[in-house]
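Asks: curious how this folds, go ahead:
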Amino acid sequence: MPDSAKNFSYDGTNGPISTTTVTRAELITAMEHLNYAEGYNIRAIDELAGSGFVSVDSLGNAYARSISGDNGLSVSNATGISGNPTIGIGTPSTVRQAITDTEANAITSSVAVSILSTGTSYAVPAPDSGKISTKTIINNTSSMITLTGAVWENPSINTVRVAPRGSVTLVSGVGGFWHAIHPYIRKPKGAIFVSTPQATTITTGGSFYEDNGVYELNDDESTPMDFALGSDSRLVYTGKVPIHAHLVASVSMTTNTSPAVVGFRFSHYDDSAATTIPLTHSLIERKVASGGGGDQGALALHGDCMMEENDYLTLTITHPTNGATVTTEHSYMFVMGTLIMTT
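Replies: A predicted model of the protein is given here:
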């Protein structure tokens, strides 16, 4: 509102009135030039109540405003009365939640986190070229999910796998490609051992036959096994993600026909191809001396192969004599795998 203080100085050169005395009509003209009599701008500002920053709309109405924070941001001196306003992070967890946007059952380059609750394969779009960004993909299913697309920084990678209930973080370089970073995942493992020795008959000398002994699963470990005991002493892989398996076995055995060279090796059954593959590189031979079954020989063998769900491993035996028998008195077979997360 107007008061007794002089708020303006007289400008006889540029003002709308050129004399020092004015008529009522000239005073109204001067007030209209100031937009005071109309109730806009200066008058609206003069009539403001409260404190803060002045905001004027297109009609000349004035408002007192202050700065406020949202999504975890804090503001001090919001009105500017006590000093310059300062904006900072008040609650970091709230700020992170605000900027970490999520999407469901979809993967786009513009959203920070993708939560996948269905499906087994998703195409990953390329990140924006020239920008550094991070994206997390969470597999909320009980199956393996494969990420596809020609978007990987490493040219040898065609696909990236996300383990069941697992996740992968993608970090982009400025070149428009993704780097895949997997968290630590324990290595799959499994083991079986002979609980009841039983003779294996070598019907045709020189051919390999699965061990006929009765095996049990060694499941007394502190971490879960990723293998099951199948029929005919088979160690079956039950994991969802393919592995590069390292195989090891220790054996002590007897034979009813000697002297003879007895051989052991692993066989790998590929479930998807319904084919048994002899792992010839794992072959170990041991000469059993004369004396029939009195000589108990011992040996150890190693091997490796790629395994997928429902593939299995067996220990196979050979003897040069038709109809000979070989008995694994003691045997322990252990497998540990490395997850194949990219192809």
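
Asks: find the nearest non-adjacent residue to Asn71, please.
Replies: Nearest non-adjacent residue to Asn71, counting by Cβ to Cβ, 6 or more residues apart in numbering: Ala98, 3.7 Å away. For glycine as for every other residue, the C-beta is placed from the backbone atoms N, C-alpha and C.

Asks: try Gly72
Replies: Thr94 (3.1 Å).

Asks: do the same with Gly88
Replies: Nearest to Gly88 is Ser74, by Cβ to Cβ, 6+ apart, at 5.2 Å.

Asks: note down every partner strand of the helix or strand harbouring that neighbour and its orientation.
Replies: Using DSSP states H and E, Ser74 sits within strand 73-76. Here the strand partners of strand 73-76, with direction, are listed using DSSP bridges: strand 86-89 (antiparallel).

Asks: what does the partner strand contact?
Replies: Identification of contacts with strand 86-89 by Cβ atoms under 8 Å, 6 or more residues apart in numbering yields 67, 69, 72-77, 95.

Asks: can you tell me which of the residues you listed is closest to Tyr312?
Replies: Val95 (51.1 Å; Cβ to Cβ).

Asks: list the residues that contact the closest one.
Replies: 71-73, 89.

Asks: A helix includes it, no?
Replies: Yes - with DSSP: H, G, I helix; E, B strand; the rest coil as the criterion, Val95 is located in a helix.

Asks: just give the nearest non-adjacent residue to Asn256, would you?
Replies: Thr325 (4.8 Å).

Asks: oh sorry, the question was meant for Ala104
Replies: Closest to Ala104 by Cβ to Cβ, 6+ apart is Ile115, at 5.5 Å.

Asks: wait, what's in contact with the residue lying closest to Asn139 once chain neighbours are set aside?
Replies: In space, and not counting its chain neighbours, Asn139 is closest to Val162: 4.2 Å by Cβ to Cβ, 6+ apart. Going by Cβ under 8 Å, 6+ apart, Val162 touches 116, 137, 139, 144-147, 168.

Asks: wait, isn't the residue nearest to Gly72 in contact with Asn71?
Replies: Yes - contact criterion Cβ atoms under 8 Å: Thr94 and Asn71 qualify, at 5.9 Å.

Asks: average pLDDT for stretch 249-263?
Replies: Taken as a whole, stretch 249-263 has an average pLDDT of 90.

Asks: same check on stretch 225-245?
Replies: So the average pLDDT for stretch 225-245 ends up being 90.
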